Structure formats: C-alpha cells, structure tokens
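Student: What follows is a predicted protein model with its sequence.
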Amino acid sequence: MRRAAARDSHIPLTLKNLDLVRIEEVFRLGALRDGVRFATTDIRLPILGQVLPRIEIVISGPGFRKKITVRVNQASPFCFDGTRLSALINDEEREVACEQFVDDDRAPTGMYNFGLLRENGTRSFVFDYHTYCAYSCDFCFKESEWEVLAIQQTKTGSYKANFDECLRYVDDHAEDFHTKYDIVWLCTGSITNEALELERHCRMATALRDAGYTEGIYVSQVIPPSLIGNRDRRIEYLTTLRDSGVSRFNSGIEVVSADYRRRLIHGYKADITFADYVDIFTDAVEVFGTGNVGSCLLAGIEPPEETLRGLETIAELGVVPSPTVFTAFVVKQQQIPFVYDLDELIRVHVKFNEIIEQYRLPVFSGVFSLA
C-alpha cells in the first residue's frame, strides 16, 4: 500500500531493484538485514546482557505470509507500529501488513529462543544435547543462547546428562513424534570427540525409530577431521549415520571465501575449505540421496558472488541449500559488517530462487531464510 510520504518519520531508501520482487518480500529482506524500529510503546522486551532484543513478526499480503525474527534497531529504515511495517522507499511511504508473533509456550517474550528440547517451527523438533558448540564462530546464532544462559546462571548440566534427558523425552513422548512432527533435528552444536558425537547421533536416531517415528531425522554437525581427504572414512561415517535411522546429513558451510573463513571462523573449522565441503557433500549425496543432504550459507557476510557460487555448486550436486540472511544476535556481532546493501540482497534472493528452480530442489523457508 502507498501513502503520502512522511519524510520526518522515516530514513529514506533508494532501491533500483524494488520491482524485482513483491513489496512484502522487500520488507521481509529489509527487516532481516536492518531490523525494525518501534513506533509503539506497547511492546516490552527483556534486557539480557549483551543479547540484542529481537521479536518475531509475521508479514502478510495477498497470497503471502512469512514469519521472521528481527532485531530491534532504532536506526532501521523499517518502522513497526504493531499492525504494519512501513518505510520511505524511492520517495514514497510504503507499508505492508505486519503483526508480532508470540508463542507463549515456546517463546513467551516474543523473542526467538533456544533450549535443550524445543519445537522449531511447524511440525519440526530439535534435540540440542550439545548446548555449546566447540567452534564458536564469530557469527553464530547460538551466541545469544550462551549469553542468556550465562546471565541467568543456568546450569547446563553435563552433555551426558543432557543426552540422557533427550532419550527419556523420546520414550515419554512417543505419541507426539507419531503425530506432530515431520522433521526431528539432531542438533545445532558440535563437540571435538568425533566417536562420541557419532555414537550419540546414532543412539538418538535409533531411539526415535524404535519409538515408531517414521519421518525425517536430520543430523546437523561440523565435519569431523577424519573425513577430510579420506573418502573411505567419509563413506563409513555417513553410512553409519544412515543405517542408524538418520535420513538427512547437514553441515553448514556458512562462508565460502577462504579469506572470510579465516576472518570469522576459528580453530580446526577455519581450515575446512569449500573444496572439502564439495568432496564430503558428493559422498553424502551418494549415501543419502539427492535432496537428503543440506547446508546453510550466510547471505551478507561475504561478497555476493562467493555466496552464489557456493549455492550453485552444492545445488548442482543435489544438496539442498538453506541460505539465511546474516543478522547480529549479540552486541559484539554488530562489528561484523553486512557487506552489501538491500538492493544487492534483493538480487541475491532472486538469483537463489533461480538456482533452486533450475535444479528442482525444495525451498527452505525459515525465520532467517534468504528464500
């Protein structure tokens, strides 16, 4: 919807690519990139240490409804008043219907949250028995969870205790897994003990299958060192996962450029090259099948052509790309620049959808999704 310009209340945007996508998509991508500022005092958010306050919102229009999580940023050109999101674009005030999404069970404050056991969107569940990831990349979304745990002085327990609790949950809620979930994720952090990590993933997958769960079990982990440069070991490792009941293997590339990987990733994981990922995903597709391997890349954290090169390369292999729009979760992550403007982000979004269509892969749609 267009309205008379209100230049004093908006930070102006000039977009050459405005007409490449529908206006709701412009606002969705813009809010993911820049956050939103409030034009209402009706929303209250907790202050938790260095965590950047954020809310979940639903942007809607004719044939369009997408939920995203956005940080609160009073310097954002996108203004939220509780019922609409507005911005001054190309000298016109534009707006879309928008409402805050609050899930009293999963995220009672309206902020995106995490946890050992959690529902993760529609018909999806996560077991996060490795609460902390051993690699702690500068851009990681879990930084906010770790900060909250520290502020609240929450005892995370031993990983063995966490894992045992997850196993008990499967036993106690078998019927839920029969009826409520199409995807179960294992999990979002990695440990350095390769054998133990594999054992836990396999035991959890087996427990779910023994409980009668027949839908997707997705493992998400950092590539173990023994798989680099050793195809026999890769096939052995991946086959062990598959035979335990895992149906899809995921590992986040996140950053394609070797230079940017060295800047943003630390320790062993920084040494994994894009070529290493290509080798591993080639074998993973052989073991799990086309469309049963996935990877996340971050749009905005490195030059766009690097991200697009990565997306097209893995799509050609039969790997499902699930790119997300880079966003800061804690104060220190605001020092990581978003390296291109909204115009370029719109172009990358369009190119990604062309890649997905070309290789006939499913579109990943989540609260940070480039799609």
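Tutor: That came in fine, so what should we check first?
Student: Pretty sure residue 71 sits against residue 52.
Tutor: Yes: in this structure, residue 71 is within contact of residue 52 by C-beta atoms under 8 Å, at 4.7 Å. Every C-beta, even on glycine, is put in place using the N, C-alpha and C of the backbone.
Student: Pretty sure residue 198 sits against residue 243.
Tutor: No: contact status for residue 198 versus residue 243: not in contact, 11.7 Å apart, counting by C-beta under 8 Å.
Student: More neighbours: which of these two?
Tutor: Remark: of residue 198 and residue 243, residue 198 carries more neighbours, 17 against 12, as counted by other C-beta atoms under 10 Å.
Student: can you tell me which residues contact the more buried one?
Tutor: Counting by C-beta atoms under 8 Å, 6 or more residues apart in numbering, residue 198 touches 224, 237, 240, 241.
Student: Go again with 7 Å.
Tutor: Counting by C-beta atoms under 7 Å, 6 or more residues apart in numbering, residue 198 touches 237, 240.
Student: Over to residue 247?
Tutor: Residues counted as contacts of residue 247 (C-beta under 7 Å, 6+ apart) are 216, 217, 292.
Student: Between residue 198 and residue 243, which contacts overlap?
Tutor: What both residue 198 and residue 243 touch, as defined by C-beta under 7 Å, 6+ apart, is an empty set.
Student: coming back round to it: shared neighbours of residue 71 and residue 52, which are they?
Tutor: Both residue 71 and residue 52 are contacted by residue 328, under the criterion C-beta under 7 Å, 6+ apart.
Student: circling back: highest neighbour count among the contacts of residue 247?
Tutor: Using other C-beta under 10 Å as the neighbour criterion, residue 217 leads the contacts of residue 247 with 23 neighbours.
Student: Pretty sure that residue sits against residue 185.
Tutor: No: assessed by C-beta atoms under 7 Å, residue 217 is found out of contact with residue 185, at 8.2 Å.
Student: export the contacts of residue 247 to JSON lines and tack on secondary structure, pLDDT and distance to residue 175?
Tutor: Converted to JSON lines, the contacts of residue 247 look like this (DSSP: H, G, I helix; E, B strand; the rest coil; pLDDT from 0 to 100; distance: C-beta to C-beta, whole Å):
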{"residue": "216", "secondary structure": "strand", "pLDDT": "96", "distance to residue 175": "18"}
{"residue": "217", "secondary structure": "strand", "pLDDT": "97", "distance to residue 175": "17"}
{"residue": "292", "secondary structure": "coil", "pLDDT": "97", "distance to residue 175": "26"}
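Student: Make CSV out of the residues you listed and add distance to residue 169.
Tutor: Output for the contacts of residue 247, formatted as CSV (distance: C-beta to C-beta, whole Å):
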residue, distance to residue 169
216, 18
217, 15
292, 25
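Student: just curious, which of those residues is nearest to residue 17?
Tutor: Closest to residue 17 out of these is residue 292 (33.8 Å), distances taken as C-beta to C-beta.
Student: From residue 304, how far off is the closest one?
Tutor: Separation of residue 292 from residue 304 (C-beta to C-beta, to the nearest Å): 28 Å.
Student: Could you grab the helix/strand/coil label for residue 362?
Tutor: With DSSP: H, G, I helix; E, B strand; the rest coil as the basis, residue 362 sits in coil.
Student: ok, it - how many residues close by?
Tutor: Residue 362 has 11 nearby residues by other C-beta under 10 Å.
Student: is it true that it touches residue 318?
Tutor: No: counting by C-beta under 7 Å, residue 362 sits too far from residue 318 to count as a contact (11.6 Å).
Student: what is in contact with those two at once?
Tutor: residue 291.
Student: if I've got this straight, residue 285 is in a strand?
Tutor: No: under three-state DSSP, residue 285 sits outside any strand and is assigned helix.
Student: Just give me the neighbour total for the residue lying closest to it once chain neighbours are set aside.
Tutor: Nearest non-adjacent residue to residue 285, counting by C-beta to C-beta, 6 or more residues apart in numbering: residue 318, 4.6 Å away. The tally of other residues near residue 318 (other C-beta under 10 Å) stands at 20.
Student: Kindly report the same for residue 101.
Tutor: As a measure of burial, residue 101 has 16 neighbours, counting by other C-beta under 10 Å.
Student: With adjacent residues omitted, what lies nearest to it?
Tutor: Per C-beta to C-beta, 6+ apart, closest to residue 101 is residue 56, 4.2 Å.
Student: What residues of the helix or strand where that neighbour lies count as buried?
Tutor: For residue 56, the host element (DSSP states H and E) is strand 54-61. Neighbour-count burial for strand 54-61, with 16 or more other C-beta atoms under 10 Å as criterion, is recorded at 54, 55, 56, 57, 59, 61.
Student: again, but for stretch 73-82
Tutor: Under 16+ other C-beta under 10 Å, the buried positions of stretch 73-82 are 73, 76, 77, 78, 79, 80.
Student: now do the same end-to-end measure for that stretch.
Tutor: Stretch 73-82 has an end-to-end distance of 15 Å (criterion: C-alpha to C-alpha, to the nearest Å).
Student: Repeat that for stretch 240-252.
Tutor: First-to-last distance for stretch 240-252 - C-alpha to C-alpha - comes to 20 Å.
Student: mean confidence score for that stretch?
Tutor: Rounded to a whole number, the mean pLDDT of stretch 240-252 is 98.
Student: As a markdown table, the buried residues of strand 54-61 with pLDDT would be great.
Tutor: Putting the buried residues of strand 54-61 into a markdown table (pLDDT from 0 to 100) gives the following:
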| residue | pLDDT |
| --- | --- |
| 54 | 84 |
| 55 | 87 |
| 56 | 88 |
| 57 | 93 |
| 59 | 98 |
| 61 | 98 |
